[in-house]
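Colleague: Quick one: sequence and predicted model below, then my questions.
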Amino acid sequence: MSPPPLENKTARLTVLIDPNKKKAFEQLCASQDLTPSQVVRQMIREYLSRNHVDWKPSKPRPKP
């Protein structure tokens with residue numbers, strides 16, 4: 001399963017986490033050939049979807 005493409009604009013999210021959980025998370029991600037960022041982005045998309053939050057930007061208008 002390939003990850004969805006990145007959005008055009010990005011913002012940084014800093015999360016404080018227990019070092020042991022971070023290490024386990026990074027190892028699990030690596031074992032699945034995914035980056036932690038890919039997994040966190042997917043979790044956020046799923047959380048927003050479950051809570052019926054429309055997060056997708058509107059399509060840009062074509063340039064004249």
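Modeller: All right, it came through fine.

Colleague: What helix or strand is the residue most central in space within the chain located in?
Modeller: Closest residue to the average C-alpha location of the chain: R41 at 0.7 Å, with C-alpha atoms, centre = their mean. In this structure, R41 sits in helix 36-50 according to DSSP states H and E.

Colleague: Same check on E26?
Modeller: Going by DSSP H and E, E26 is part of helix 19-31.

Colleague: Residues contacting that helix, please?
Modeller: Contacts to helix 19-31, defined as C-beta atoms under 8 Å, 6 or more residues apart in numbering, come from residues 17, 35-36, 38-39. C-beta here means a position set from N, CA and C on the backbone, and glycine is covered the same way.

Colleague: Could you list the buried residues of the lowest-mean-pLDDT helix or strand in the chain?
Modeller: In the chain, no helix or strand scores lower on mean pLDDT, DSSP states H and E than helix 36-50, which sits at a mean of 96. For helix 36-50, a neighbour-count test (16 or more other C-beta atoms under 10 Å) marks 38-39, 41 as buried.

Colleague: any idea how far the residue nearest to the centre of the chain is from C29?
Modeller: 12 Å (C-beta to C-beta, to the nearest Å).

Colleague: ok, back up a step: now the contacts of helix 19-31 in CSV, with distance to K63?
Modeller: Shown next, in CSV, are the contacts of helix 19-31 (distance: C-beta to C-beta, whole Å):
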residue, distance to K63
I17, 42
T35, 33
P36, 36
Q38, 31
V39, 35
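
Colleague: Closest one to E46 out of the residues you listed, please.
Modeller: Taking C-beta to C-beta as the measure, E46 sits nearest to V39 out of the contacts of helix 19-31, at 10.6 Å.

Colleague: Checking V15 next. Helix, strand or coil?
Modeller: Following DSSP: H, G, I helix; E, B strand; the rest coil, the label given to V15 is coil.

Colleague: what's the neighbour count on it?
Modeller: Residues near V15, counting by other C-beta atoms under 10 Å, number 7.

Colleague: can you check the one 4 residues further on too?
Modeller: Other residues near P19 come to 7 when the count uses other C-beta under 10 Å.
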